[in-house]
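J.: Here is my input; please provide its structure:
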Amino acid sequence: MTQPATPSRIHATALVDSSAQLDSSVSVGPYTVIGPNVKIGARTTIGAHCVIEGHTTIGCDNQVFQFNSLGSVPQDKKYAGEPCELVIGDRNTIREFCSFNIGSPGDLGVTRLGDDNWIMAYVHIAHDCTVGNQTIFANNTTLAGHVQVGDWVILGGFTGVHQFVRLGAHSFTAISSVLVADLPPFVMCQGQPAVARSMNFEGLRRRGFSADRISAVKAMHKALYRDGLTLEQAKDGIEKLTEKYPESSPDVQMMLSFLEQTSPRRGIVR
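T.: Numbering: from 1, shown residues only. Below you'll find the model as predicted:
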(Lines give C-alpha, C1' and ligand atoms only; values in the text may rest on other atoms or scores of the structure.)
Protein backbone atom coordinates (compact mmCIF):
# COMPACT_ATOMS: atom_id res chain seq x y z
CA MET A 1 0.00 0.00 0.00
CA THR A 2 1.39 3.38 -0.95
CA GLN A 3 2.11 5.71 1.96
CA PRO A 4 0.90 9.32 1.66
CA ALA A 5 3.57 11.89 0.95
CA THR A 6 4.93 13.72 3.98
CA PRO A 7 3.73 17.34 3.91
CA SER A 8 6.27 20.15 4.08
CA ARG A 9 7.14 21.37 7.55
CA ILE A 10 7.04 24.98 6.25
CA HIS A 11 3.51 26.24 5.70
CA ALA A 12 2.72 27.36 2.18
CA THR A 13 1.92 30.90 3.34
CA ALA A 14 5.19 31.37 5.26
CA LEU A 15 7.84 33.58 3.66
CA VAL A 16 11.30 32.13 4.30
CA ASP A 17 14.21 33.87 2.61
CA SER A 18 16.27 31.54 0.43
CA SER A 19 19.42 32.55 2.35
CA ALA A 20 18.00 31.57 5.76
CA GLN A 21 19.49 28.39 7.24
CA LEU A 22 16.82 26.12 8.70
CA ASP A 23 17.41 22.53 9.73
CA SER A 24 15.22 20.14 7.75
CA SER A 25 13.30 19.24 10.93
CA VAL A 26 12.24 22.85 11.68
CA SER A 27 8.53 23.59 11.32
CA VAL A 28 7.19 27.04 10.42
CA GLY A 29 3.57 28.10 10.81
CA PRO A 30 1.28 30.13 8.55
CA TYR A 31 2.14 33.72 7.58
CA THR A 32 5.48 33.71 9.40
CA VAL A 33 8.31 35.77 7.85
CA ILE A 34 11.95 34.64 8.23
CA GLY A 35 14.77 36.86 7.01
CA PRO A 36 18.02 36.07 5.16
CA ASN A 37 20.43 36.06 8.11
CA VAL A 38 18.42 33.71 10.32
CA LYS A 39 19.68 30.29 11.46
CA ILE A 40 17.34 27.81 13.22
CA GLY A 41 18.43 24.48 14.71
CA ALA A 42 16.91 21.04 14.70
CA ARG A 43 13.37 20.31 15.91
CA THR A 44 12.55 23.93 16.68
CA THR A 45 8.96 24.91 15.95
CA ILE A 46 7.93 28.41 14.89
CA GLY A 47 4.27 29.34 15.21
CA ALA A 48 2.04 31.40 12.97
CA HIS A 49 2.42 35.14 12.29
CA CYS A 50 5.98 35.44 13.65
CA VAL A 51 8.68 37.74 12.26
CA ILE A 52 12.24 36.51 12.71
CA GLU A 53 14.80 38.85 11.21
CA GLY A 54 18.28 40.31 11.65
CA HIS A 55 21.34 38.21 12.43
CA THR A 56 19.37 35.79 14.59
CA THR A 57 20.50 32.31 15.61
CA ILE A 58 18.02 29.97 17.32
CA GLY A 59 19.20 26.61 18.65
CA CYS A 60 17.55 23.21 18.87
CA ASP A 61 14.24 22.05 20.37
CA ASN A 62 12.79 25.51 20.94
CA GLN A 63 9.06 26.14 20.83
CA VAL A 64 8.23 29.63 19.57
CA PHE A 65 4.51 30.32 19.74
CA GLN A 66 2.54 32.58 17.41
CA PHE A 67 2.86 36.37 17.09
CA ASN A 68 6.48 36.82 18.15
CA SER A 69 9.04 39.39 16.93
CA LEU A 70 12.60 38.10 17.20
CA GLY A 71 15.73 39.87 15.97
CA SER A 72 14.35 43.33 15.22
CA VAL A 73 16.64 46.35 15.48
CA PRO A 74 17.24 47.76 18.96
CA GLN A 75 15.17 50.61 20.33
CA ASP A 76 18.33 52.69 20.50
CA LYS A 77 18.63 55.97 18.60
CA LYS A 78 22.38 55.38 18.15
CA TYR A 79 21.82 52.21 16.14
CA ALA A 80 22.79 52.74 12.49
CA GLY A 81 22.30 49.36 10.84
CA GLU A 82 25.31 47.51 12.25
CA PRO A 83 25.16 43.67 11.96
CA CYS A 84 24.48 42.98 15.63
CA GLU A 85 23.01 39.68 16.79
CA LEU A 86 20.34 37.83 18.72
CA VAL A 87 21.39 34.37 19.93
CA ILE A 88 18.86 31.98 21.47
CA GLY A 89 19.97 28.63 22.91
CA ASP A 90 18.19 25.28 23.15
CA ARG A 91 14.92 24.00 24.63
CA ASN A 92 13.36 27.39 25.28
CA THR A 93 9.63 28.04 25.33
CA ILE A 94 8.66 31.49 24.04
CA ARG A 95 4.98 32.28 24.35
CA GLU A 96 2.89 34.78 22.41
CA PHE A 97 3.66 38.45 21.64
CA CYS A 98 7.27 38.56 22.84
CA SER A 99 9.85 40.92 21.35
CA PHE A 100 13.60 40.26 21.51
CA ASN A 101 15.95 42.82 19.92
CA ILE A 102 19.43 42.31 18.52
CA GLY A 103 22.38 43.91 20.31
CA SER A 104 23.83 47.36 19.75
CA PRO A 105 27.34 48.44 18.70
CA GLY A 106 27.80 50.40 21.94
CA ASP A 107 28.06 47.25 24.06
CA LEU A 108 28.29 43.50 23.40
CA GLY A 109 26.59 43.69 20.04
CA VAL A 110 24.70 40.54 21.04
CA THR A 111 21.45 39.89 22.90
CA ARG A 112 21.61 36.39 24.34
CA LEU A 113 19.07 33.94 25.80
CA GLY A 114 20.48 30.67 27.18
CA ASP A 115 18.90 27.24 27.48
CA ASP A 116 15.74 25.80 29.07
CA ASN A 117 14.05 29.13 29.72
CA TRP A 118 10.28 29.55 30.08
CA ILE A 119 9.30 32.93 28.60
CA MET A 120 5.62 33.83 28.96
CA ALA A 121 3.51 36.21 26.87
CA TYR A 122 4.35 39.87 26.15
CA VAL A 123 7.94 39.66 27.43
CA HIS A 124 10.38 42.23 26.05
CA ILE A 125 14.14 41.59 26.05
CA ALA A 126 15.98 44.67 24.86
CA HIS A 127 19.36 45.05 23.18
CA ASP A 128 22.51 43.63 24.77
CA CYS A 129 20.69 41.72 27.50
CA THR A 130 22.19 38.41 28.65
CA VAL A 131 19.80 35.85 30.11
CA GLY A 132 21.11 32.60 31.59
CA ASN A 133 19.51 29.17 31.83
CA GLN A 134 16.42 27.72 33.53
CA THR A 135 14.77 31.12 34.08
CA ILE A 136 11.05 31.89 34.21
CA PHE A 137 9.75 35.25 32.96
CA ALA A 138 6.07 35.71 33.76
CA ASN A 139 3.73 37.72 31.52
CA ASN A 140 4.70 41.31 30.65
CA THR A 141 8.19 41.15 32.11
CA THR A 142 10.30 43.91 30.52
CA LEU A 143 14.09 44.14 30.44
CA ALA A 144 15.66 47.43 29.36
CA GLY A 145 19.01 47.37 27.57
CA HIS A 146 22.19 45.80 28.92
CA VAL A 147 20.45 43.79 31.70
CA GLN A 148 22.14 40.60 32.95
CA VAL A 149 19.99 37.78 34.35
CA GLY A 150 21.57 34.78 36.08
CA ASP A 151 20.50 31.14 36.03
CA TRP A 152 17.27 30.02 37.73
CA VAL A 153 15.93 33.58 38.12
CA ILE A 154 12.14 33.93 38.35
CA LEU A 155 10.56 37.26 37.39
CA GLY A 156 6.95 37.88 38.43
CA GLY A 157 4.42 39.30 36.01
CA PHE A 158 4.80 42.97 35.05
CA THR A 159 8.34 43.14 36.47
CA GLY A 160 10.28 46.06 34.98
CA VAL A 161 14.09 46.08 35.03
CA HIS A 162 16.11 49.29 34.53
CA GLN A 163 18.97 49.33 32.04
CA PHE A 164 22.34 47.91 33.17
CA VAL A 165 20.80 46.17 36.21
CA ARG A 166 22.08 42.68 37.10
CA LEU A 167 20.07 39.86 38.68
CA GLY A 168 21.97 37.11 40.47
CA ALA A 169 21.25 33.41 40.18
CA HIS A 170 18.20 32.03 42.01
CA SER A 171 16.76 35.50 42.68
CA PHE A 172 13.02 36.16 42.51
CA THR A 173 10.78 39.20 41.95
CA ALA A 174 7.15 39.55 42.99
CA ILE A 175 4.47 40.79 40.62
CA SER A 176 4.83 44.39 39.40
CA SER A 177 8.30 44.84 40.89
CA VAL A 178 10.49 47.64 39.52
CA LEU A 179 14.23 46.99 39.74
CA VAL A 180 16.53 50.01 39.64
CA ALA A 181 19.42 48.37 41.53
CA ASP A 182 21.24 45.04 41.30
CA LEU A 183 19.42 42.07 42.83
CA PRO A 184 21.91 39.74 44.55
CA PRO A 185 21.76 35.96 44.18
CA PHE A 186 19.00 34.15 46.14
CA VAL A 187 17.19 37.38 47.11
CA MET A 188 13.40 37.75 46.80
CA CYS A 189 12.18 41.31 46.27
CA GLN A 190 8.95 43.22 45.86
CA GLY A 191 7.87 46.82 45.35
CA GLN A 192 8.23 49.97 43.25
CA PRO A 193 11.14 50.39 43.58
CA ALA A 194 11.81 46.85 44.75
CA VAL A 195 13.11 46.14 48.24
CA ALA A 196 14.46 42.86 49.61
CA ARG A 197 11.89 40.71 51.43
CA SER A 198 13.56 37.34 51.97
CA MET A 199 15.61 34.70 50.20
CA ASN A 200 14.26 32.19 47.67
CA PHE A 201 14.36 29.28 50.11
CA GLU A 202 11.55 27.24 48.55
CA GLY A 203 13.16 27.49 45.14
CA LEU A 204 16.48 26.31 46.56
CA ARG A 205 14.83 23.31 48.23
CA ARG A 206 13.18 22.34 44.96
CA ARG A 207 16.59 22.51 43.26
CA GLY A 208 18.14 20.12 45.78
CA PHE A 209 20.06 22.51 48.03
CA SER A 210 21.11 20.77 51.23
CA ALA A 211 20.14 22.01 54.69
CA ASP A 212 23.65 23.39 55.25
CA ARG A 213 23.66 25.32 51.97
CA ILE A 214 20.26 26.82 52.80
CA SER A 215 21.51 27.73 56.30
CA ALA A 216 24.41 29.56 54.67
CA VAL A 217 21.99 31.47 52.40
CA LYS A 218 19.97 32.44 55.51
CA ALA A 219 23.18 33.72 57.10
CA MET A 220 23.96 35.78 53.97
CA HIS A 221 20.51 37.32 54.16
CA LYS A 222 21.06 38.20 57.80
CA ALA A 223 24.41 39.83 57.07
CA LEU A 224 23.08 41.84 54.12
CA TYR A 225 19.70 42.87 55.49
CA ARG A 226 19.19 42.20 59.18
CA ASP A 227 22.35 43.08 61.08
CA GLY A 228 22.61 46.76 60.16
CA LEU A 229 26.02 46.30 58.53
CA THR A 230 27.61 48.29 55.75
CA LEU A 231 28.05 46.40 52.51
CA GLU A 232 31.77 45.96 53.17
CA GLN A 233 31.10 44.60 56.66
CA ALA A 234 28.47 42.25 55.27
CA LYS A 235 30.92 40.94 52.68
CA ASP A 236 33.48 40.21 55.40
CA GLY A 237 30.90 38.24 57.35
CA ILE A 238 29.73 36.32 54.28
CA GLU A 239 33.30 35.34 53.41
CA LYS A 240 33.67 33.61 56.78
CA LEU A 241 30.59 31.43 56.29
CA THR A 242 32.60 28.74 54.52
CA GLU A 243 34.27 27.94 57.85
CA LYS A 244 30.91 26.90 59.35
CA TYR A 245 29.33 25.65 56.13
CA PRO A 246 32.12 24.23 53.90
CA GLU A 247 29.58 22.85 51.43
CA SER A 248 28.39 26.39 50.72
CA SER A 249 31.71 27.60 49.31
CA PRO A 250 30.45 27.93 45.67
CA ASP A 251 27.35 29.83 46.88
CA VAL A 252 29.43 32.17 49.03
CA GLN A 253 31.89 32.82 46.20
CA MET A 254 29.02 33.53 43.81
CA MET A 255 27.55 36.07 46.22
CA LEU A 256 30.89 37.76 46.86
CA SER A 257 31.70 37.92 43.15
CA PHE A 258 28.31 39.47 42.42
CA LEU A 259 28.72 42.09 45.16
CA GLU A 260 32.25 42.95 44.00
CA GLN A 261 30.93 43.68 40.50
CA THR A 262 28.15 45.98 41.68
CA SER A 263 28.98 49.60 41.02
CA PRO A 264 28.57 52.03 43.92
CA ARG A 265 26.35 54.18 41.71
CA ARG A 266 23.94 51.31 41.03
CA GLY A 267 24.09 49.58 44.42
CA ILE A 268 22.03 46.56 45.43
CA VAL A 269 18.38 46.15 46.32
CA ARG A 270 18.17 46.84 50.08
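J.: Check the chain for its longest helix and report it.
T.: helix 249-261 (DSSP state H).
J.: Any idea how many residues pack against residue 208?
T.: By other Cβ atoms under 10 Å, 7 other residues sit near residue 208. (Glycine included, C-beta is placed from N, CA and C.)
J.: How about residue 239?
T.: Residues lying near residue 239 (other Cβ under 10 Å) number 14.
J.: In contact with the residue lying closest to it once chain neighbours are set aside, which residues?
T.: Counting by Cβ to Cβ, 6 or more residues apart in numbering, residue 239 lies nearest to residue 256, which is 6.2 Å off, once chain neighbours are set aside. By Cβ atoms under 8 Å, 6 or more residues apart in numbering, the contact list for residue 256 reads 235, 238, 239.
J.: Could you list which of the residues you listed belong to helices?
T.: Those of these lying in helices (DSSP H): 235, 238, 239.
J.: In a markdown table, list the residues you listed along with distance to residue 132.
T.: Output for the ones in helices among the contacts of residue 256, formatted as a markdown table (distance: Cβ to Cβ, whole Å):
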| residue | distance to residue 132 |
| --- | --- |
| 235 | 23 |
| 238 | 22 |
| 239 | 24 |
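J.: and which of the residues you listed is nearest residue 136?
T.: Closest approach between the ones in helices among the contacts of residue 256 and residue 136, by Cβ to Cβ: residue 238, at 26.6 Å.
J.: Would you map the helices across the stretch 1-150 of the chain?
T.: Secondary structure of the stretch 1-150 of the chain by DSSP state H, counting those that start in this stretch: no helices are present.
J.: Low-confidence stretches in it?
T.: 1-7 (pLDDT under 70).
J.: ok, residue 198 touching residue 190?
T.: No: using Cβ atoms under 8 Å, residue 198 is not in contact with residue 190, being 9.4 Å away.
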